[in-house]
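1. Fold the following for me, if possible:
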Amino acid sequence: MEAGHIGQNLYLAATSMGLGACGIGAFMDDPINAMLGVDGVEEATVYMLAVGKARVEI
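-> Now for the predicted structure:
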């Protein structure tokens with residue numbers, strides 16, 4: 001539940017700065033946990049969100 005609330009705040013913050021945000025629907029936990037230096041048991045990746053320049057629709 002907290003991960004969703006944090007994600008929503010990131011969406012709102014990105015939008016307020018003129019950026020786009022997109023939640024990542026599926027990801028491989030083990031490589032991401034390793035990259036972040038967490039063990040996947042006591043600490044683990046539960047949510048991913050990309051933030052960047054929004055694409056302009058024409």
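
2. what sits opposite the residue nearest the centre of the chain in the beta ladder?
-> Central residue of the chain (CA atoms, centre = their mean): Leu49, 1.9 Å from the mean position. The partner list for Leu49 in beta bridges (DSSP bridges) reads Gly23.

3. Check it and give its pLDDT.
-> pLDDT for Leu49: 94.

4. Quick check, it in contact with Leu10.
-> Yes - with contact defined as CB atoms under 8 Å, Leu49 reaches Leu10; the gap is 5.4 Å. Where C-beta positions appear, they are placed from N, C-alpha and C, glycine not excepted.

5. shared neighbours of the two, anything?
-> Listed as contacting both Leu49 and Leu10 by CB atoms under 8 Å, 6 or more residues apart in numbering are Ala21.

6. ok, which stretches of this structure are strands?
-> Remark: strands assigned in the chain by DSSP state E are 19-23, 49-53.
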